[in-house]
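> Prediction below, plus the sequence it came from.
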Amino acid sequence: MTVSRRAFMKGLAAGAAGLTTPAMVFGEGAHSPAATVPHRPMGKTGLDVSIIGLGGFHLGSARDQPTANDIVARALDAGINFFDNAWDYHDGLSETRLGDALAGKRDRAIVMTKVCTHGRDAKVAMQMLDESLRRLRTDHIDVWQIHEVIYDNDPDLIFAPGGAAEALVQAKQQGKVRFVGFTGHKDPSIHLRMLERGFPFDTVQMPLNCLDATFRSFEQHVLPEANRRGLAVFGMKSLGGSGEIVKYGAATPDEALRYAMSLPVATTISGMESPDVLAQNLAIATSFTPMTGDEMRALRERCRPLAADGRFELFKTTKIYDGAVGRQQHHFPPPEKLPA
């Protein structure tokens, strides 16, 4: 399934029309006079979410806890209210850091974390949820997603008796989780098979960037279906996962982030492991104006030769981003090591 230009432009216009500012959400002067990152509706959840969210893996890569505290505090004061995480990021350190950084500020944040069973067992998933709650120092998770739905048999395992889908239902019933979803980065066909099950997901996360439309495209195949179902879409890997889009000259940070945030999504999750990276992203987000359809099309066409075989979207074509083992290799490969 591909999205027509008319449908895409309708979604883009709706996304732009839905922009608000934190002052509109929380009231004038709430939290900080500099709170200027725009917000959008988070699907049908009734929540409003900042158009850029803070990535959890990179928070665990920050120099130390005081640095993480500073990043989170500055993000909140600038209007970012969406904080990504996962049970296995840095062996739990990312969740612990976010929990500590949000101490006394939890009510200002939409906290998402992910269950990383990989065996897709409901009992293990619930154990992981309790561990995440302790690390995050909270009594509930706003969004709980099944992490890395990337293998062909994942949908069958997730929806089998005793599978992780049962844990999502149980967690909601127990009040430990408000909204549920899933994430993956490998192949749009797997996302579509998850959606075809008819499970009442609230959210879905996928890689969305200016290269994606050309190769194994989530933008073309999954995004329209997720929007049709009213799900809150979380975009990720806007710079290619580890900055490959910028490092290898496909686009500038401003172009790449603006493109991702101009899609009909709720938020774009971006890694910010230092105050400098946070400042760069805040400058782009606080001055954000959606790209026009012509601008987006021109960027896609400019990137098409680089995007054709997926060599710069390593999360689709290699195992570097798959699970804890892959993340140990989370670095820029030399150009000669890129997939041929």
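Looks like it came in fine.
> what packs against the helix or strand encompassing T96?
Here T96, judged by DSSP states H and E, is contained in helix 93-101. Judged by 3 or more Cβ pairs under 8 Å, 6 or more residues apart in numbering; DSSP states H and E, the packing partners of helix 93-101 are helix 56-61, helix 65-77, helix 122-136. (C-beta placed from N, C-alpha, C; glycine too.)
> can you tell which of these is closest to R297?
Closest to R297 of the helices and strands packed on helix 93-101 is helix 56-61 (Cβ to Cβ; 30.4 Å).
> average pLDDT for that closest one?
For helix 56-61, mean pLDDT rounds to 96.
> Name the residues of it that are buried.
56-61 (16 or more other Cβ atoms under 10 Å).
> would you turn the residues you listed into TSV with distance to A122?
Below are these laid out as TSV (distance: Cβ to Cβ, whole Å):
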residue	distance to A122
G56	23
F57	25
H58	30
L59	28
G60	26
S61	31
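> pLDDT weak spots in the stretch 201-340 of the chain?
324-340 (pLDDT under 70).
> just so I have it, where are all the strands in it?
When secondary structure is read from DSSP state E, counting those that start in this stretch, the stretch 201-340 of the chain shows strands at 203-207, 232-236, 267-270.
> Pull up the pairing partners for the first one, direction included.
Based on DSSP bridges, the strands next to strand 203-207 in the sheet, each with its direction, are strand 177-183 (parallel), strand 232-236 (parallel).
> if you compare the helices and strands packed on helix 93-101, which one is most tucked away?
Comparing the helices and strands packed on helix 93-101 by mean neighbour count (mean count of other Cβ atoms under 10 Å), helix 56-61 ranks first with a mean of 22.
> Show me the contact partners of that one.
68, 71-72, 83-86, 89-90, 93-95, 97-98, 101, 113, 271-273, 277, 327, 330 (Cβ atoms under 8 Å, 6 or more residues apart in numbering).
> Quick one, which of the residues you listed are buried?
68, 71-72, 83-86, 89-90, 93-95, 97-98, 101, 113, 271-273, 277.
> Tell me if I am right that A103 is in a helix.
No - the assignment for A103 by DSSP: H, G, I helix; E, B strand; the rest coil gives coil, which leaves it out of any helix.
> picking up where we left off before, in TSV, list the helices and strands packed on helix 93-101 along with distance to D294.
Output for these, formatted as TSV (distance: least, Cβ to Cβ, whole Å):
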stretch	distance to D294
helix 56-61	33
helix 65-77	32
helix 122-136	43
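> Select, out of the ones you listed, the one closest to V49.
helix 65-77 (12.9 Å).
> ok, residues contacting that closest one?
With Cβ under 8 Å, 6+ apart, helix 65-77 has contacts from 31-32, 34-35, 54, 59, 62, 83, 97-98, 100-102, 105, 108-109, 272-275, 278, 282.
> and the next element down the chain from it?
Counting by DSSP H and E, what follows helix 65-77 is strand 82-83.
> Give me the distance from that next one to the chain's centre.
9 Å (Cα atoms, centre = their mean, to the nearest Å).
> Just list what that strand packs against, helices and strands only.
strand 52-54, strand 110-115.
> got those as JSON lines, with distance to D156 columns?
Rendered in JSON lines, the data for the helices and strands packed on strand 82-83 read as follows (distance: least, Cβ to Cβ, whole Å):
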{"stretch": "strand 52-54", "distance to D156": "30"}
{"stretch": "strand 110-115", "distance to D156": "17"}
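> Minimum distance to E131: which of those strands has it?
That would be strand 110-115 among the helices and strands packed on strand 82-83, by Cβ to Cβ, at 10.0 Å.
> Go ahead and produce PDB holding the CA coordinates of the closest one.
Output in PDB follows, covering the C-alpha atoms of strand 110-115 (Å, rounded to 0.1, in the frame of the first residue of the first chain):
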ATOM      1  CA  ILE A 110       4.900  11.500  29.400                       C
ATOM      2  CA  VAL A 111       7.100   8.500  30.100                       C
ATOM      3  CA  MET A 112       7.400   5.700  27.700                       C
ATOM      4  CA  THR A 113       9.300   2.500  28.200                       C
ATOM      5  CA  LYS A 114       9.400  -0.900  26.400                       C
ATOM      6  CA  VAL A 115       9.200  -4.500  27.300                       C
END
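> before we move on, the earlier item: what's the closest of the helices and strands packed on strand 82-83 to S287?
Nearest of these (Cβ to Cβ): strand 52-54, 11.9 Å.
> List of residues touching the closest one?
Looking at what lies outside strand 52-54 - Cβ under 8 Å, 6+ apart - the contacts are 37, 71-72, 75, 80, 82-84, 112, 234, 257, 261, 267-270, 272, 278, 281, 284-285.
> run the last query once more with 10 Å
By Cβ atoms under 10 Å, 6 or more residues apart in numbering, the surrounding residues in contact with strand 52-54 are 37-38, 71-72, 75-76, 78-85, 98, 101, 109-110, 112, 234-236, 238, 257, 260-261, 266-272, 278, 281-282, 284-286, 288.
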